[in-house]
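Enquirer: next come a sequence and a model predicted from it.
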Amino acid sequence: MSETAKSKNVHGTLEQTAEGWNLRFVRHLHHSPEKVWAAFTDPEQRAAWFPDTMIGEFVPGATLRFVTGTKSLSEFTGTVLAVDPGRLLEFTWGDDTLRFELDPTETGCTLTLRDSLSELGKAARDGAGWHVCLDGLAIALGDRPAGSEEDRWRAVHPDYVATFGPEAATIGPPADWAESQ
């Protein structure tokens with residue numbers, strides 16, 4: 001299992017820790033932490049890049065509800081774990097824990113996303129998914145041109161499978177996507 005991204009389309013890494021498996025993404029954005037924070041916290045801006053509709057307040061201990069909009073995936077909940085406006089947002093997302101950190105740079109900010117996975121078998125699927133979501137964030141912020149989310153996922157998923165290995169690819173795309181092949 002590779003801990004570093006070797007394929008040209010893989011921007012995330014898969015790391016094993018004492019607690020389990022983590023996906024990690026680092027993206028350099030040409031926008032202030034405040035502007036990127038607004039893309040996290042404003043529901044309208046978040047809808048342009050986050051995979052689910054998120055309902056709830058970003059207050060530690062608050063319950064979040066996630067509506068998938070996908071027939072094969074039901075609604076689920078999470079809990080806000082930590083909030084430091086403009087710098088940190090951490091919450092459970094079903095069985096996973098997502099941590100978004102923003103660090104200012106001279107030209108904008110660095111975004112680090114950590115997804116603590118509930119099971120290794122979905123690492124390639126979720127890695128490709130977060131890759132596409134973070135591309136969507138860059139698109140929403142005006143840094144990249146748009147395109148079909150499913151097409152972008154299908155373009156990068158094989159590289160995540162190749163880099164992370166077959167044991168990290170036992171869970172595939174949402175059933176609705178598999179039907180459209």
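Expert: In hand now; what should we look at? Numbers count the residues shown, from 1 in each chain.
Enquirer: give me the buried positions along the helix or strand harbouring residue 115.
Expert: Taking DSSP states H and E as the criterion, residue 115 maps to strand 108-117. Buried positions in strand 108-117, judged by neighbour count with 16 or more other CB atoms under 10 Å: 108, 109, 110, 111, 113, 114, 115, 116, 117. No exception for glycine: its C-beta is placed from N, CA and C like everyone else's.
Enquirer: where's the last one relative to residue 126, distance?
Expert: Look at residue 117 and residue 126: by CB to CB, to the nearest Å, they are 7 Å apart.
Enquirer: what's the overlap in contacts for those two?
Expert: 23, 96 (CB atoms under 8 Å, 6 or more residues apart in numbering).
Enquirer: follow-up on the earlier one: what's the distance between whatever helix or strand comes next after the strand holding residue 115 and the middle of its chain?
Expert: Downstream of strand 108-117, the first helix or strand assigned by DSSP H and E is helix 123-140. Relative to its chain's centre, helix 123-140 lies at 6 Å (CA atoms, centre = their mean, to the nearest Å).
Enquirer: quick one: end-to-end distance for stretch 55-74.
Expert: End-to-end span of stretch 55-74 (CA to CA, to the nearest Å): 15 Å.
Enquirer: give me the contacts around that stretch.
Expert: For stretch 55-74, the external contacting residues (CB under 8 Å, 6+ apart) are 41, 51-54, 75-83, 89, 91, 93-94, 174-176.
Enquirer: with stretch 38-45 instead?
Expert: Outside stretch 38-45, the residues that reach it (CB under 8 Å, 6+ apart) are 46, 48, 49, 53, 54, 58, 89, 100, 137, 140, 141.
Enquirer: residue contacts, the closest residue in space to residue 102 that isn't next to it in sequence?
Expert: With sequence-adjacent residues excluded and distances taken as CB to CB, 6 or more residues apart in numbering, residue 102 is closest to residue 33, at 4.2 Å. Applying CB under 8 Å, 6+ apart to residue 33 gives the contacts 86, 87, 102, 103, 104, 109.
Enquirer: by neighbours, which of those residues wins?
Expert: Of all the contacts of residue 33, residue 102 has the most neighbours under the rule other CB atoms under 10 Å, reaching 25 neighbours.
Enquirer: how about that residue, what does it touch?
Expert: Listed by CB under 8 Å, 6+ apart, the contact set of residue 102 reads 33, 36, 37, 86, 87, 88, 109, 110, 111.
Enquirer: residue 49 too?
Expert: 39, 133, 134, 136, 137, 139, 140.
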